[in-house]
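Student: Whatever this is, show me its structure:
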Amino acid sequence: MAIGYSRHQNGFETLCITAAKLIEDLSNASAKGLLHQSLSAYTHPHVLVVDEIGFLSYGPDAANVLSMW
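Tutor: Have a look, this model is predicted:
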């Protein structure tokens, strides 16, 4: 988070999101056939901070949607 905050202070577009929210958004988009369009929201910022990666267990499709990057 500190890296993202410092990059934001230096003018970089920064997006912070929890791993659970990221996987939920990408899984929903994938189910609707819109995964590639949804990825642009996360690949557009200069810095993407994904927080809380190790706090939860994730469903079987989590690896699939995250590997699309």
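
Student: list the buried ones in the biggest helix by length in the chain?
Tutor: Looking across the chain with DSSP state H, the single longest helix is helix 19-31. For helix 19-31, the neighbour count (16 or more other CB atoms under 10 Å) marks 19-20, 22-27, 29-30 as buried. Every residue, glycine included, has its C-beta placed from N, CA and C.

Student: pLDDT (mean, whole number) over that helix?
Tutor: For helix 19-31, the mean pLDDT works out to 90.

Student: And that helix, how far out from the chain middle?
Tutor: Computed by CA atoms, centre = their mean, to the nearest Å, the separation of helix 19-31 from the middle of its chain amounts to 8 Å.

Student: per-residue confidence averaged over the helix or strand just after that helix?
Tutor: Later in the chain than helix 19-31, the nearest helix or strand by DSSP states H and E is helix 35-43. Helix 35-43 shows a mean pLDDT of 89.
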